[in-house]
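Student: Attaching a predicted model along with its sequence, questions to come.
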Amino acid sequence: MPFATGLQATRWLTISRTLGFVLTSHLDATRRPITGGLLGRTQAFAKAVCPRRRFSMGKICPRYHQRFITTGASSPCGEHLSSQTKNTSRTLSSAAAPEPVSSDQLGFVPDQRPKDDVPIANADDRKVSILWSPQNWSRFHHIWLRDHCRCPSCFHPVTKQRLVNTFEIPPNIKPHHVQASAGGLEIVWPSSTTEYHSSIYPWSWLKAHTYDPPQKHPVIPCEKALWGAKIAKSPPTVTYAEAMDDSDYGLFKWLSNIDRFGFCFISGVPATPEATEELSERIGFIRETQYGKFWEFTADLSKGDTAYTTMALGAHTDNTYFTDPCGLQLFHLLSHIDGSGGATLLVDGFYIASLLKELDPDSYEILSRIPIPAHAAGEPIALYKPSPPCGYPTLGHDALSGELAQVRWNNDDRSAMSHLDPSLVEKWYDAIKTWHNLLTSPDSEYWVQLTAGTVLSVDNHRVLHGRSAFDGKRRVCGAYIGVDEYRSKMLVLQEKFDAQFQVRTADQQTAGVGRSIWSRAL
Ligand SMILES: C[N+](C)(C)CCCC[C@H](N)C(=O)O
Ligand SMILES: O=C(O)CCC(=O)C(=O)O
């Protein structure tokens, strides 16, 4: 039965509201629905939502007009369900009832839906179906729901670690009761240790973790703004005062710029290594490498790398020889005397990849598939290669969404390509040539002459950087920040400042009750 639309939806909802009443009173002795007319159509709808529906409808609780659904499990419908929310209660009958679980035991419930906006929940012998609206539903396996219970005995309220033993959950577990309430989906489970086990799943959390049907949007959305040379007109910038402000809002603005554009300048920074190091540590601890922790470099080959020369460096990402290239790179040009050149180059690798995908999909596919070995071998005491040594493709993708997630490209640090299929050698060279031509197009390159006082921060998983050749005495300092440290700080700041990541009411937020067990990121 196609889902109703428009005016029909209202009618449909009326029908569906009667779903619980109509089906309950019209199941024959063998629990098979009586068909025909409105009932038949309603049955057809119920079947569409729960195609494997083999459940007997529970009692209608006349006092609360709530529909409780028993999945045919042995216990009678009517166990007592604790009330986690103000406006609905669970007492159904005098039957022996599980101890009520107080809401603070189950953890606060982030959102309360108005009574007339509570979704419909149906259960069959394997899944619970949630009907959000006539065209929008989700299904969750019972075992998935039981495994994702976040009551204090299943999910540590402080460490946010799973406590429930996933592997002792019966594969065919069925709820005793399923109830749609204002605070969320409430389920009473059979339990081998206590008589019952109560769980609640807030509607917003279920919506964010829907997997059937698969969700299109990522759980943690992030809008990328792709750019070319024209970004020079208004490059993303924050001030030093903003970045250092104790409220962290300026830090949130800074990292949001990096999240969106792949880089951000910080203006007004004291031109000292100390101030630059302190600024770097606002994001997270600095990642130490063979180049040191907080580094200063100049053209003295003090380290075995061409960065420590006056040579031009083509657009590249750093650390392709590491399994886990750094997430952010900060540069601060402290001084450049008796010479010229040394301009900084930035190219948006995500933008170039989008052009390549459009213009030459075969080359995009090759760069997404062929791993590139790399090395850092300029220091006698170190020889870095990624693990596995074959390296990683130039274009890395999110395994689930298929979205581009990382660009790894440094043609100077690339090792011998001894693993290419012979039939692919020329195609691969054609592909990297096309990639190179797009990278070096004047429309792609953003050249900027850094000056003392302005720090450049770059997302090393997205934006390629380089420099022009120079002469004279040039001093640059900076640091690497690990990708996980950067992403962690971004998530913490989003929890603090971005409403769509907050799962608490304002007063709960100010009450300092710590991270919610219902955070979208967990
Ligand atoms: C940043 N710092 C000057 C310390 C080191 C630069 C290392 C550059 C290396 N070829 C790479 O691509 O990773
Ligand atoms: O010297 C510069 O401006 C950049 C050097 C560089 O590309 C690097 O350190 O990775």
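Tutor: Thanks, I have it. Numbering: from 1, shown residues only. Ligands and ions are numbered 1, 2, ... in the order given.
Student: what residues go with each domain of the protein?
Tutor: Listed by the TED database, the domain ranges of the chain are 107-209, 229-497.
Student: Can you tell me which of these has the worst average pLDDT?
Tutor: Within the domains of the chain, the stretch with the lowest mean pLDDT is domain 107-209, showing a mean of 93.
Student: rewinding a little: out of the domains of the chain, which comes closest to ligand 1?
Tutor: Put simply, out of the domains of the chain the one that sits nearest ligand 1 is domain 229-497, at 3.3 Å, with distance taken as CB to the nearest ligand atom. C-beta here means a position set from N, CA and C on the backbone, and glycine is covered the same way.
Student: Return the distance of the closest one from the chain's centre.
Tutor: Mean-position distance between domain 229-497 and its chain equals 22 Å (CA atoms, centre = their mean, to the nearest Å).
Student: Compute the first-to-last residue distance for it.
Tutor: Taking CA to CA, to the nearest Å, the first and last residues of domain 229-497 lie 31 Å apart.
Student: swap in stretch 340-350?
Tutor: Per CA to CA, stretch 340-350 runs 31 Å from first to last residue.
Student: same check, this time on stretch 462-480
Tutor: Across stretch 462-480, the straight-line distance between its terminal residues is 15 Å, by CA to CA.
Student: buried ones in that stretch?
Tutor: Along stretch 462-480, these residues count as buried under the neighbour rule (16 or more other CB atoms under 10 Å): 462-467, 470, 474-480.
Student: Also stretch 432-449?
Tutor: Of the residues in stretch 432-449, those buried under the neighbour-count criterion (16+ other CB under 10 Å) are Ile432, Thr434, Trp435, Leu438, Leu439, Ser444, Glu445, Tyr446.
Student: Show me those residues that map onto helices.
Tutor: Secondary structure of those is defined by DSSP state H; positions in helices are Ile432, Thr434, Trp435, Leu438, Leu439.
Student: Pick out whichever of the residues you listed sits closest to ligand 2.
Tutor: Comparing those against ligand 2 with CB to the nearest ligand atom places Leu439 closest, at 14.2 Å.
Student: which residue packs closest to the closest one, ignoring adjacent ones?
Tutor: Closest residue to Leu439 in three dimensions, ignoring its sequence neighbours and counting by CB to CB, 6 or more residues apart in numbering: Ala315, at 5.1 Å.
Student: Please apply the same query to Ala377.
Tutor: Nearest to Ala377 is Leu383, by CB to CB, 6+ apart, at 5.1 Å.
Student: I'd like the domains of the chain written out as CSV, with distance to Glu223 added.
Tutor: Below are the domains of the chain laid out as CSV (distance: least, CB to CB, whole Å):
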stretch, distance to Glu223
domain 107-209, 17
domain 229-497, 6
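Student: any chance of the ones you listed in CSV, with distance to ligand 2 too?
Tutor: Output for the domains of the chain, formatted as CSV (distance: least, CB to the nearest ligand atom, whole Å):
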stretch, distance to ligand 2
domain 107-209, 37
domain 229-497, 4
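Student: Quick one: closest of these to Trp518.
Tutor: In this view, the domains of the chain are compared for proximity to Trp518 by CB to CB, and domain 107-209 is the closest at 4.7 Å.
Student: show me where the stretch 201-350 of the chain has helices.
Tutor: Under the criterion DSSP state H, counting those that start in this stretch, the stretch 201-350 of the chain carries helices at the ranges 203-208, 240-244, 249-261, 273-280, 349-359.
Student: quick revisit: the buried residues of stretch 462-480 in strands, which ones?
Tutor: By the criterion of DSSP state E, membership of the buried residues of stretch 462-480 in strands covers Val463, Leu464, His465, Gly466, Arg467, Arg474, Arg475, Val476, Cys477, Gly478, Ala479, Tyr480.
Student: Am I right that the third one is in contact with Leu328?
Tutor: If I follow you right, that is His465. No. The pair His465 and Leu328 does not pass the contact test of CB atoms under 8 Å, sitting 11.5 Å apart.
Student: okay, now Tyr201: neighbour count?
Tutor: Applying other CB atoms under 10 Å, we find 24 residues neighbouring Tyr201.
Student: Mind checking if stretch 275-289 is in reach of ligand 1?
Tutor: No. For a cut-off given as CB under 6 Å from any ligand atom, stretch 275-289 has no contacts with ligand 1; the smallest distance is 7.3 Å.
Student: Renumber starting at 36 from here on
Tutor: Shifting the count to begin at 36 puts that one at stretch 310-324.
Student: what's the overlap in contacts for His500 and Leu363?
Tutor: Residues touching both His500 and Leu363 by CB atoms under 8 Å, 6 or more residues apart in numbering: Val493.
Student: re earlier: okay, now the residue nearest to Leu474: neighbour count?
Tutor: The criterion is other CB under 10 Å. On that basis, Ala350 has 22 neighbouring residues.
Student: Phi, psi for the closest residue to Trp167 other than its chain neighbours please.
Tutor: The shortest distance from Trp167 to any non-neighbouring residue, by CB to CB, 6+ apart, is to Pro154 (5.2 Å). The main-chain torsion angles of Pro154 are listed as degrees, to the nearest 10 and equal phi -60, psi 170.
Student: so where does Ile401 fall, helix or strand?
Tutor: Using DSSP states H and E, the element containing Ile401 is helix 396-404.
Student: Quick one: list the elements packing against that helix.
Tutor: Helix 396-404 makes packing contacts with helix 384-394, strand 427-428, strand 430-432, helix 460-474 when contacts are defined by 3 or more CB pairs under 8 Å, 6 or more residues apart in numbering; DSSP states H and E.
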